[in-house]
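> Dropping a prediction and its sequence here:
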Amino acid sequence: MRKPIIAGNWKMHKTVRESLDFIRELREIKFDTSKAEVVVCPNFTALHEAGQALAGSGIGLGAQNMHWEKQGAYTGEVSPAMLQDAGCRYVIIGHSERRQYFAETDQGVNHKAKAALQQGLTPILCVGETLEEREAGQTEAVVGRQVKGGLEGLESGQVTQLVIAYEPVWAIGTGRTASAQDANGVCAFIRRTVAGIFGQDSAAKVRIQYGGSVKADNIAELMDQPDIDGALVGGASLDAAAFAKIINYR
Ligand code: PEP
(Lines give C-alpha, C1' and ligand atoms only; values in the text may rest on other atoms or scores of the structure.)
Protein backbone atom coordinates (compact mmCIF):
# COMPACT_ATOMS: atom_id res chain seq x y z
CA MET A 1 0.00 0.00 0.00
CA ARG A 2 1.28 3.44 -0.91
CA LYS A 3 0.73 6.05 1.81
CA PRO A 4 -0.67 9.21 0.20
CA ILE A 5 1.43 12.35 0.50
CA ILE A 6 0.02 15.87 0.52
CA ALA A 7 2.56 18.68 0.26
CA GLY A 8 2.11 22.44 0.34
CA ASN A 9 4.43 24.47 -1.88
CA TRP A 10 4.44 28.00 -0.53
CA LYS A 11 6.65 29.30 -3.35
CA MET A 12 8.01 32.83 -2.73
CA HIS A 13 5.43 33.65 -0.08
CA LYS A 14 5.50 34.25 3.68
CA THR A 15 8.11 35.84 5.91
CA VAL A 16 9.41 33.91 8.91
CA ARG A 17 6.72 35.50 11.10
CA GLU A 18 3.98 34.63 8.61
CA SER A 19 5.26 31.06 8.30
CA LEU A 20 5.16 30.63 12.07
CA ASP A 21 1.66 32.14 12.24
CA PHE A 22 0.51 29.64 9.62
CA ILE A 23 1.96 26.70 11.55
CA ARG A 24 0.44 27.89 14.83
CA GLU A 25 -2.95 28.27 13.15
CA LEU A 26 -2.70 24.87 11.48
CA ARG A 27 -1.77 23.22 14.76
CA GLU A 28 -4.86 24.70 16.38
CA ILE A 29 -7.07 23.04 13.77
CA LYS A 30 -7.82 19.34 14.08
CA PHE A 31 -6.20 17.50 11.22
CA ASP A 32 -5.45 13.89 10.61
CA THR A 33 -2.00 12.82 9.43
CA SER A 34 -2.63 9.11 9.99
CA LYS A 35 -3.95 8.52 6.46
CA ALA A 36 -1.59 10.78 4.55
CA GLU A 37 1.92 12.09 4.99
CA VAL A 38 1.70 15.88 5.18
CA VAL A 39 4.52 18.25 4.24
CA VAL A 40 4.92 22.02 4.05
CA CYS A 41 7.60 23.68 1.93
CA PRO A 42 8.38 27.24 3.07
CA ASN A 43 11.07 29.38 1.47
CA PHE A 44 14.72 28.97 2.50
CA THR A 45 14.81 31.76 5.09
CA ALA A 46 11.87 30.32 7.02
CA LEU A 47 12.93 26.67 6.94
CA HIS A 48 14.80 26.38 10.20
CA GLU A 49 12.27 28.13 12.39
CA ALA A 50 9.37 26.47 10.60
CA GLY A 51 10.98 23.09 11.29
CA GLN A 52 11.20 23.85 14.98
CA ALA A 53 7.59 25.03 15.07
CA LEU A 54 6.46 21.81 13.36
CA ALA A 55 8.16 19.54 15.92
CA GLY A 56 5.72 16.96 17.25
CA SER A 57 2.98 17.97 14.78
CA GLY A 58 3.36 14.98 12.47
CA ILE A 59 3.93 17.38 9.56
CA GLY A 60 7.18 17.16 7.63
CA LEU A 61 9.33 20.00 6.35
CA GLY A 62 10.44 20.34 2.74
CA ALA A 63 12.43 22.83 0.69
CA GLN A 64 11.47 24.09 -2.75
CA ASN A 65 14.85 23.64 -4.44
CA MET A 66 18.51 22.86 -3.78
CA HIS A 67 21.87 22.50 -5.51
CA TRP A 68 23.28 19.02 -6.03
CA GLU A 69 26.81 19.81 -4.86
CA LYS A 70 27.75 19.22 -1.23
CA GLN A 71 29.41 22.64 -0.84
CA GLY A 72 31.59 25.05 -2.77
CA ALA A 73 31.71 28.26 -4.76
CA TYR A 74 28.05 28.35 -5.85
CA THR A 75 26.90 31.77 -4.70
CA GLY A 76 23.26 31.85 -3.74
CA GLU A 77 22.82 28.09 -3.63
CA VAL A 78 21.89 25.70 -0.81
CA SER A 79 23.16 22.12 -0.50
CA PRO A 80 21.27 18.94 0.45
CA ALA A 81 23.19 18.76 3.75
CA MET A 82 22.21 22.34 4.57
CA LEU A 83 18.55 21.49 4.01
CA GLN A 84 18.83 18.49 6.27
CA ASP A 85 20.60 20.63 8.86
CA ALA A 86 17.65 23.06 8.73
CA GLY A 87 15.26 20.18 9.50
CA CYS A 88 14.09 19.19 6.01
CA ARG A 89 13.16 15.66 5.06
CA TYR A 90 11.80 16.53 1.61
CA VAL A 91 12.82 18.72 -1.30
CA ILE A 92 10.86 19.73 -4.40
CA ILE A 93 12.99 19.43 -7.54
CA GLY A 94 12.29 20.34 -11.15
CA HIS A 95 9.20 22.45 -10.46
CA SER A 96 7.92 23.89 -13.75
CA GLU A 97 8.60 27.43 -12.49
CA ARG A 98 12.25 26.45 -12.00
CA ARG A 99 12.35 24.85 -15.45
CA GLN A 100 10.64 27.88 -17.04
CA TYR A 101 12.27 30.84 -15.25
CA PHE A 102 15.62 29.37 -14.19
CA ALA A 103 16.36 27.14 -17.18
CA GLU A 104 16.49 23.91 -15.19
CA THR A 105 17.07 20.86 -17.34
CA ASP A 106 16.27 17.18 -16.93
CA GLN A 107 19.98 16.59 -16.41
CA GLY A 108 20.15 19.12 -13.56
CA VAL A 109 17.01 17.62 -12.03
CA ASN A 110 18.65 14.20 -12.27
CA HIS A 111 21.75 15.47 -10.40
CA LYS A 112 19.44 16.88 -7.73
CA ALA A 113 17.45 13.65 -7.41
CA LYS A 114 20.65 11.66 -6.85
CA ALA A 115 22.11 14.17 -4.40
CA ALA A 116 18.90 14.43 -2.40
CA LEU A 117 18.57 10.64 -2.09
CA GLN A 118 22.21 10.32 -1.12
CA GLN A 119 21.58 12.82 1.68
CA GLY A 120 18.50 10.90 2.84
CA LEU A 121 16.06 13.56 1.63
CA THR A 122 12.89 12.57 -0.24
CA PRO A 123 12.85 14.34 -3.59
CA ILE A 124 9.47 15.42 -4.95
CA LEU A 125 10.31 15.38 -8.65
CA CYS A 126 7.94 17.53 -10.70
CA VAL A 127 7.06 16.81 -14.31
CA GLY A 128 4.35 18.15 -16.59
CA GLU A 129 3.54 19.45 -20.03
CA THR A 130 2.64 22.99 -21.13
CA LEU A 131 -0.71 23.80 -22.75
CA GLU A 132 0.98 24.05 -26.14
CA GLU A 133 2.51 20.62 -25.72
CA ARG A 134 -0.80 19.13 -24.58
CA GLU A 135 -2.66 20.63 -27.52
CA ALA A 136 -0.02 19.26 -29.87
CA GLY A 137 -0.64 15.77 -28.44
CA GLN A 138 2.82 15.66 -26.84
CA THR A 139 1.87 15.08 -23.20
CA GLU A 140 3.27 11.55 -22.99
CA ALA A 141 6.37 12.40 -25.00
CA VAL A 142 7.20 15.36 -22.74
CA VAL A 143 6.31 13.72 -19.43
CA GLY A 144 8.06 10.48 -20.45
CA ARG A 145 11.22 12.39 -21.31
CA GLN A 146 11.15 14.29 -18.00
CA VAL A 147 10.58 11.10 -15.99
CA LYS A 148 13.32 9.14 -17.77
CA GLY A 149 15.73 12.09 -17.63
CA GLY A 150 15.06 12.82 -13.98
CA LEU A 151 15.45 9.19 -12.90
CA GLU A 152 18.39 8.24 -15.09
CA GLY A 153 21.01 6.12 -13.35
CA LEU A 154 19.00 5.59 -10.15
CA GLU A 155 18.72 2.10 -8.70
CA SER A 156 15.31 0.51 -8.30
CA GLY A 157 15.67 0.66 -4.50
CA GLN A 158 16.21 4.41 -4.79
CA VAL A 159 13.32 5.14 -7.09
CA THR A 160 10.84 3.83 -4.54
CA GLN A 161 12.15 6.44 -2.08
CA LEU A 162 11.18 9.39 -4.19
CA VAL A 163 7.87 11.00 -5.04
CA ILE A 164 6.91 12.08 -8.54
CA ALA A 165 4.52 15.01 -8.92
CA TYR A 166 2.58 15.25 -12.16
CA GLU A 167 1.86 18.95 -12.57
CA PRO A 168 0.48 20.00 -15.94
CA VAL A 169 1.87 23.52 -16.36
CA TRP A 170 -1.47 24.83 -17.70
CA ALA A 171 -3.17 23.84 -14.43
CA ILE A 172 -0.71 25.53 -12.06
CA GLY A 173 -2.08 28.67 -10.46
CA THR A 174 -4.72 29.01 -13.18
CA GLY A 175 -7.75 27.58 -11.42
CA ARG A 176 -7.93 25.01 -14.24
CA THR A 177 -7.60 21.49 -12.90
CA ALA A 178 -7.06 18.45 -15.05
CA SER A 179 -10.10 16.20 -14.75
CA ALA A 180 -9.49 13.47 -12.20
CA GLN A 181 -9.59 10.85 -14.99
CA ASP A 182 -7.18 12.81 -17.17
CA ALA A 183 -4.77 13.34 -14.28
CA ASN A 184 -5.00 9.67 -13.37
CA GLY A 185 -4.29 8.69 -16.98
CA VAL A 186 -1.02 10.60 -17.01
CA CYS A 187 -0.08 9.33 -13.54
CA ALA A 188 -0.70 5.77 -14.80
CA PHE A 189 1.50 6.53 -17.79
CA ILE A 190 4.24 7.73 -15.42
CA ARG A 191 3.93 4.49 -13.45
CA ARG A 192 4.23 2.44 -16.65
CA THR A 193 7.30 4.48 -17.59
CA VAL A 194 8.86 3.73 -14.19
CA ALA A 195 7.94 0.04 -14.63
CA GLY A 196 9.65 -0.01 -18.02
CA ILE A 197 12.93 1.13 -16.46
CA PHE A 198 12.88 -0.23 -12.91
CA GLY A 199 10.35 -3.09 -13.04
CA GLN A 200 6.78 -3.58 -11.84
CA ASP A 201 7.68 -3.94 -8.17
CA SER A 202 9.33 -0.54 -7.96
CA ALA A 203 6.61 1.07 -10.05
CA ALA A 204 3.96 -0.30 -7.70
CA LYS A 205 5.77 1.35 -4.77
CA VAL A 206 6.60 4.80 -6.15
CA ARG A 207 4.18 7.52 -5.07
CA ILE A 208 2.79 9.84 -7.73
CA GLN A 209 1.11 13.10 -6.77
CA TYR A 210 -1.09 15.33 -8.87
CA GLY A 211 -0.59 19.10 -8.68
CA GLY A 212 -2.40 21.98 -10.36
CA SER A 213 -5.14 24.06 -8.73
CA VAL A 214 -5.90 21.42 -6.10
CA LYS A 215 -8.44 22.69 -3.56
CA ALA A 216 -10.73 21.37 -0.84
CA ASP A 217 -13.51 20.81 -3.36
CA ASN A 218 -11.55 18.70 -5.86
CA ILE A 219 -9.05 16.83 -3.68
CA ALA A 220 -11.34 13.89 -2.81
CA GLU A 221 -12.11 13.03 -6.42
CA LEU A 222 -8.43 13.23 -7.34
CA MET A 223 -7.39 11.08 -4.38
CA ASP A 224 -9.98 8.45 -5.33
CA GLN A 225 -8.08 7.70 -8.53
CA PRO A 226 -6.02 4.49 -8.40
CA ASP A 227 -2.75 6.00 -9.66
CA ILE A 228 -2.87 9.29 -7.76
CA ASP A 229 -1.14 8.99 -4.39
CA GLY A 230 -1.38 12.54 -3.16
CA ALA A 231 -1.26 16.18 -4.10
CA LEU A 232 1.25 18.98 -4.46
CA VAL A 233 -0.69 22.11 -3.56
CA GLY A 234 0.36 25.69 -4.31
CA GLY A 235 -2.13 28.51 -3.80
CA ALA A 236 -4.52 26.61 -1.54
CA SER A 237 -1.68 25.64 0.81
CA LEU A 238 -1.05 29.28 1.80
CA ASP A 239 -4.05 29.47 4.07
CA ALA A 240 -4.01 27.19 7.13
CA ALA A 241 -7.77 26.58 7.18
CA ALA A 242 -7.89 25.81 3.44
CA PHE A 243 -4.86 23.50 3.69
CA ALA A 244 -6.38 21.70 6.71
CA LYS A 245 -9.51 21.02 4.65
CA ILE A 246 -7.33 19.45 1.97
CA ILE A 247 -5.51 17.30 4.55
CA ASN A 248 -8.88 16.24 6.00
CA TYR A 249 -10.32 15.42 2.59
CA ARG A 250 -11.83 12.14 3.79
C1 PEP B 1 2.37 24.21 -7.62
O2 PEP B 1 2.93 25.26 -7.77
O3 PEP B 1 3.03 23.20 -7.39
C4 PEP B 1 0.92 24.18 -7.73
C5 PEP B 1 0.35 23.03 -7.91
O6 PEP B 1 0.26 25.38 -7.64
P7 PEP B 1 -1.35 25.62 -7.58
O8 PEP B 1 -1.90 24.62 -6.60
O9 PEP B 1 -1.50 27.01 -7.11
O10 PEP B 1 -1.88 25.38 -8.95
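Structure received.
> Three-state assignment for Gln52, please.
Judged by DSSP: H, G, I helix; E, B strand; the rest coil, the three-state class of Gln52 is helix.
> Excluding residues flanking it in the chain, which one is nearest it?
Using Cβ to Cβ, 6 or more residues apart in numbering and skipping residues adjacent in sequence, the residue nearest Gln52 is Gly87, 7.0 Å away. In short, each C-beta sits where N, CA and C put it, glycine included.
> and the one you found, how many residues sit next to it?
Per other Cβ atoms under 10 Å, the neighbour tally for Gly87 reads 18.
> cool, the one 3 residues further on as well?
Here the count is done by other Cβ under 10 Å, and Tyr90 has 23 residues near it.
> Could you give the number of residues near the residue lying closest to it once chain neighbours are set aside?
Of all residues not flanking Tyr90 in the chain, Gly62 sits nearest, at 3.2 Å (Cβ to Cβ, 6+ apart). Neighbour count of Gly62, defined by other Cβ under 10 Å: 25.
> Numbering from 33 from now on, please.
Yep, numbering from 33; the last one is Gly94 now.
> can you give me phi and psi for whichever residue of the chain sits closest to the ligand?
Residue of the chain nearest the ligand, by Cβ to the nearest ligand atom: Gly266 (2.1 Å). Dihedral pair for Gly266: phi -100, psi -100, per degrees, to the nearest 10.
> Per-residue pLDDT of it, please?
In this model, Gly266 is scored at 98, pLDDT.
> Run through the residues that contact the residue lying closest to it once chain neighbours are set aside.
Leaving out its chain neighbours, the residue that sits closest to Gly266 by Cβ to Cβ, 6+ apart is Asn41, at 5.1 Å. Taking Cβ atoms under 8 Å, 6 or more residues apart in numbering as the criterion, Asn41 is in contact with Cys73, Gln96, Ile124, His127, Gly243, Leu264, Val265, Gly266, Ser269.
> Beta-bridge partners for Asn41, please?
Per DSSP bridges, the residues bridged to Asn41 are Cys73.
> Distance of it relative to Ile222?
Noted for Asn41: a distance of 19 Å to Ile222, by Cβ to Cβ, to the nearest Å.
> do Arg121 as well
23 Å.
> What of Gly83?
30 Å.
> Neighbour count: those two, which is higher?
The neighbour comparison of Gly83 against Ile222 (other Cβ under 10 Å) goes to Ile222, with 23 against 20.
> how about the helix or strand harbouring the more buried one: buried residues?
Ile222 belongs to helix 212-230 when assigned by DSSP states H and E. Residues 212, 214-219, 221-223, 225-226, 230 are the ones in helix 212-230 that count as buried (16 or more other Cβ atoms under 10 Å).
> picking that back up, contacts only, for the residue nearest to Tyr122.
Ala39, Val71, Val72, Cys73, Cys120, Arg121, Tyr122, Val123, Ile124, Thr154, Ile156.
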